[in-house]
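Participant: after the sequence you'll find the predicted model.
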Amino acid sequence: MTSSSDTLTANPTRELAAIMFSDIVGYTALMGRDEREGLRAVHEHRAQLRAVLPHFNGRLIGEIGDGTLSSFHSAVDAVNCARELQATLVENPELRLRIGIHVGDVVFTDKTVLGDGVNIASRIHELAPPGGCCISERVYEEIRNKPEFHVKDLGEKHLKNVARPIRAYALTALDAPGQPRSPLWSSTDSGQSSRRKTAIGIGAILIVVLIAAISSWKWIGLGAGWSPVGARAPAIRSIAVLPLENLSGDPAQEYFADGMTDELITDLAKISGLRVISRTSVMKFKGEHREQLPEIAKALNVNTIVEGSVLRVGDKVRITAQLIDAPTDKHLWADSYERDTRDVLTLQDEVASTIAQQINVELTPNEQTRFAQRRPVDPKALEAILKGNYFLAKGTSVGYQEAQEYFEQALKIAPDYAKGYVGLAAMYVEAGDNVVSNQEVIPKAKELLATALRLDDTNAEAHSWLGVIQWSYEYDWAASERENLRAIQLAPGTAYIHVNYGFMLIWQARFDEAERELKLGQLLDPLSPANYVFLGTLLAIRGGYPKALEQCRKAVEIDPNFWPAYSFCLGPSYEGMGNHGQALKAFEKGVAIEPEPYPRAFLGVEYAKSGNREQARKVLEQINRLPAQTYVAPCLPAQVYVALGENNTALDLLEKAYHERSSCLAFMKFDHVYDPIRSDPRFIDLLKKVGLGN
């Protein structure tokens, strides 16, 4: 089996290890029926595996198709990991695994994983029933005296490409310590009695896991590398990097300190064993007094904090960082690093890998390789990129213009550096359908991302933004799926990557998956009001208006002046509940905060729905009188015309939106404003054009 990119090693090594092989039951048939579901199953399989491996000192050593190889120093750990992995999937009948475990000699090289352990584990799993696990005699000898394990002797088996017969055993119980036995994995159990026992066993396991999670409140995440922590396993570290203090004495250097904070967060977010809080949330604590660390940690729901400072003098940069155990306010580690500005990114990698070591998070071989492969970058190019990111984060038309200038500077200085291309592309994507049309900027963004990925295919941000383009501009949902999953694989701890994927899933009606990704985005960025608005939008689409309102109110608590909380979340939720008075107040509040086209159009729709046609038309006039340089996505006035009953005008505008490749068309399938025209042949044809028709 060829190893995954996560597991390459620099030199051949040989070791005796417990090897676990797992693959998806019926995967070939599933791919034949629905390629998208097949890709989703592979992603879920690997996400759940990555979540449980750290609890049992395991590591992922290979991937091929739907199969995975993992290694352990202990057969007991391997079997416990298999039991835990199957337990996490008991409520997912669409994802059934077969698992095989063998103890044997394994050779790791820079391109392959070979040996007796690999061959037998990858064959013996075929003897397991769906949802089950088979082990070799060598594994059985290691666990036979452990009372929590129960096996059925399957006798000697002749396995393909294995010269000698192998005695195999089926694991027949999935018992938590001290719990009643439940024959979940028996290949011979049948009938109503067996099904009752299975249900009881599953229930017992779920109750134990739930109680352990609730009692400890250590919810580490919902996928892509994190799971609820049971009493058996140590908590996976959660960490927040507070804004590094600018020691230069020059306020104009704030962008550099913020940029160094961002780089450190980005590096740590690539480590699969960490939950890292994103920039939006930590920046709210910029300038806070350090004696407030326990309160900050509680607000961010983390158990470890990094604080420090950055000083740039001439061509030298010094970063001082210290690691603090938040509950006890105890200093765990501190150090200072100094480099030439050309090597500042290498410095960041060194800090990140040292932090991982200090909190006992094991880097995968691929993560180690990434940290070791940084090359010098021209200091002027890096400075331009940091300034570009600083202005891009403002999210305003002026900020976009400033960001564009700095990213273009970076490309001229360092045309072989991928981050400059990604930054400029991100600016174009964010500006599209906002201050300019998609048609004007997205082709440029796509070309920039193609260049970035030619330079560095491991750039997670590039894959994520490309995924956004593919659903919002090209309406190519399958291609977007692939790019989103690749981005998550490369940077599982980056909040906006999960949110980008979650948004794509909403418009495909994959609501449960979307909710999981959006909740993970909240976990990684708990003080971002946008993340609560996104989840509130999903809940409102599903008709869960009271729960949607809870999310909207959390967004307002975080930032009372965040206009999308009123226009995208509170207003539609109240309107869906039939409370037009409160809905109107929310939409009016959104316009009062930000009188741009989006909140104006939503207010116009509400006026029309509540019978105030005159005010709705005034809104249309206001939109038409906006300055010429203000871009108005055609969907916005179209929505007001639908609410006014002027369907032909609305459909003309929607067809114009399709010509301009507007992202707002992706919302048509579930935006209730379009309900009056859903049966119109022109609307049905538009849905098909954007890949959302039946």
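Facilitator: Right, received. Where do you want to start?
Participant: tell me where the stretch 451-600 of the chain has helices.
Facilitator: Listed in chain order, the helices of the stretch 451-600 of the chain (DSSP state H, counting those that start in this stretch) span 460-472, 477-490, 495-507, 511-524, 529-541, 545-558, 563-564, 571-576, 580-593, 597-609.
Participant: run through the residues that contact the residue nearest to the spatial centre of the chain.
Facilitator: In the chain, the C-alpha nearest the mean C-alpha coordinate belongs to residue 498, at 2.7 Å (Cα atoms, centre = their mean). Residue 498 makes contact with 224, 488, 517, 518, 520, 521, 524 under the criterion Cβ atoms under 8 Å, 6 or more residues apart in numbering. Glycine gets a C-beta too; all of them are placed from N, C-alpha and C.
Participant: just to revisit the earlier point, so for residue 341, which of the helices of the stretch 451-600 of the chain sits nearest?
Facilitator: When the helices of the stretch 451-600 of the chain are compared by Cβ to Cβ, helix 460-472 sits nearest residue 341, at 22.4 Å.
Participant: on that earlier part again, in CSV, list the helices of the stretch 451-600 of the chain along with distance to residue 423 and mean pLDDT.
Facilitator: Formatted as CSV, the helices of the stretch 451-600 of the chain follow (distance: least, Cβ to Cβ, whole Å; pLDDT from 0 to 100):
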stretch, distance to residue 423, mean pLDDT
helix 460-472, 9, 94
helix 477-490, 16, 92
helix 495-507, 14, 91
helix 511-524, 21, 92
helix 529-541, 20, 93
helix 545-558, 26, 94
helix 563-564, 23, 91
helix 571-576, 33, 93
helix 580-593, 28, 94
helix 597-609, 25, 93
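Participant: export those helices to TSV and append columns for distance to residue 67.
Facilitator: Output for these, formatted as TSV (distance: least, Cβ to Cβ, whole Å):
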stretch	distance to residue 67
helix 460-472	23
helix 477-490	16
helix 495-507	23
helix 511-524	22
helix 529-541	33
helix 545-558	38
helix 563-564	43
helix 571-576	44
helix 580-593	50
helix 597-609	46
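Participant: out of the ones you listed, which is closest to residue 136?
Facilitator: If you check each of these against residue 136 by Cβ to Cβ, helix 477-490 wins as the nearest, at 30.4 Å.
Participant: run the chain-centre distance for that closest one.
Facilitator: Relative to its chain's centre, helix 477-490 lies at 10 Å (Cα atoms, centre = their mean, to the nearest Å).
Participant: that helix vs helix 511-524, what angle?
Facilitator: Orientation of helix 477-490 against helix 511-524 (axes from the mean of the first three to the mean of the last three Cα atoms, to 10 degrees) gives an angle of 30 degrees.
Participant: please pull out the lowest mean pLDDT helix or strand from this protein.
Facilitator: Within the chain, no helix or strand scores below helix 191-216, which has a mean of 32 by mean pLDDT, DSSP states H and E.
Participant: let me see the mean pLDDT of stretch 659-679.
Facilitator: If you average the pLDDT over stretch 659-679, you get 89.
Participant: how long is it from one end to the other?
Facilitator: One end of stretch 659-679 to the other measures 21 Å (Cα to Cα, to the nearest Å).
Participant: may I see the buried residues of it?
Facilitator: Within stretch 659-679, the residues that count as buried by 16 or more other Cβ atoms under 10 Å are 660-671, 673-674, 677.
Participant: residue 294 reaches residue 324, doesn't it?
Facilitator: No: the pair residue 294 / residue 324 is not scored as a contact, 9.5 Å apart, by Cβ atoms under 8 Å.
Participant: neighbour count: the two, which is higher?
Facilitator: Higher neighbour count among residue 294 and residue 324: residue 324, with 22 against 14, using other Cβ atoms under 10 Å.
Participant: ok but residue 95 is inside a helix, no?
Facilitator: No: Residue 95 is assigned coil when assessed by DSSP: H, G, I helix; E, B strand; the rest coil, not a helix.
Participant: what's the neighbour count on it?
Facilitator: Residue 95, neighbours per other Cβ under 10 Å, totals 20.
Participant: follow-up on the earlier one: from residue 525, how far out is the residue nearest to the centre of the chain?
Facilitator: Distance from residue 498 to residue 525, counting by Cβ to Cβ, to the nearest Å: 9 Å.
Participant: need the three-state assignment for residue 83.
Facilitator: Three-state call for residue 83 (three-state DSSP): helix.
Participant: surely it meets residue 133?
Facilitator: Yes: using Cβ under 8 Å, residue 83 makes contact with residue 133 at a distance of 7.5 Å.
Participant: so these two - more neighbours on which side?
Facilitator: Between residue 83 and residue 133, counting by other Cβ under 10 Å, residue 133 is the more crowded of the two (30 against 24).
Participant: mind checking the SS state of the more buried one?
Facilitator: Here residue 133 is recorded as strand under three-state DSSP.
Participant: ok, now how distant is it from residue 426?
Facilitator: In this view, residue 133 and residue 426 are 44 Å apart by Cβ to Cβ.
Participant: then residue 533?
Facilitator: Applying Cβ to Cβ, the value for residue 533 to residue 426 is 20 Å.
Participant: all strands for this protein, in order.
Facilitator: Along the chain, the stretches classed as strands by DSSP state E are 13-24, 59-64, 67-72, 97-108, 113-114, 132-136, 151-157, 166-171, 238-241, 245-246, 275-276, 304-313, 316-325, 330-340.
Participant: okay, the angle between the second one and strand 13-24?
Facilitator: Comparing the axes of strand 59-64 and strand 13-24 via the same axes, to 10 degrees yields an angle of 60 degrees.
Participant: now do strand 59-64, average pLDDT.
Facilitator: Rounded mean pLDDT across strand 59-64 is 80.
Participant: next: the last one.
Facilitator: On average, the pLDDT along strand 330-340 is 79.
Participant: that one: partners in the sheet, and parallel or antiparallel?
Facilitator: If you go by DSSP bridges, strand 330-340 pairs up with strand 316-325 (antiparallel).
Participant: just the C-alpha atoms of the strand it pairs with, please, in CSV.
Facilitator: What follows is strand 316-325, C-alpha atoms only, in CSV (Å, rounded to 0.1, in the frame of the first residue of the first chain):
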residue,chain,number,x,y,z
LYS,A,316,16.0,41.4,12.6
VAL,A,317,12.8,40.0,14.2
ARG,A,318,12.5,38.7,17.8
ILE,A,319,9.5,36.8,19.0
THR,A,320,9.0,36.0,22.7
ALA,A,321,6.4,33.4,23.5
GLN,A,322,5.2,31.7,26.6
LEU,A,323,2.8,28.8,27.1
ILE,A,324,0.3,29.0,29.9
ASP,A,325,-2.0,26.3,31.4
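Participant: mind checking how far that strand is from the chain centre?
Facilitator: Centroid displacement of strand 316-325 relative to its chain, using Cα atoms, centre = their mean, is 27 Å.
Participant: what do you get for stretch 145-159?
Facilitator: 39 Å.
Participant: do me a favour and get the end-to-end distance for that stretch?
Facilitator: 27 Å.
Participant: ditto for stretch 535-546
Facilitator: 13 Å.
Participant: can you name the residues in contact with it?
Facilitator: Contacts for stretch 535-546 (Cβ under 8 Å, 6+ apart): 502, 506, 511, 514-515, 518-519, 522, 547-552, 555, 568-569, 572-574, 576-577, 670.
Participant: give the buried residues for that stretch.
Facilitator: Those would be 535, 536, 537, 538, 539, 540, 541, 542, 544, 545, for stretch 535-546 by 16+ other Cβ under 10 Å.
Participant: quick one: which of those is nearest residue 652?
Facilitator: Closest to residue 652, out of all of the buried residues of stretch 535-546 and judged by Cβ to Cβ, is residue 541, at 26.0 Å.
Participant: which stretches in the stretch 301-450 of the chain count as helices?
Facilitator: With DSSP H, counting those that start in this stretch as the criterion, the stretch 301-450 of the chain has helices at 344-358, 365-372, 379-392, 397-413, 418-431, 438-455.
Participant: good, wrapping up.
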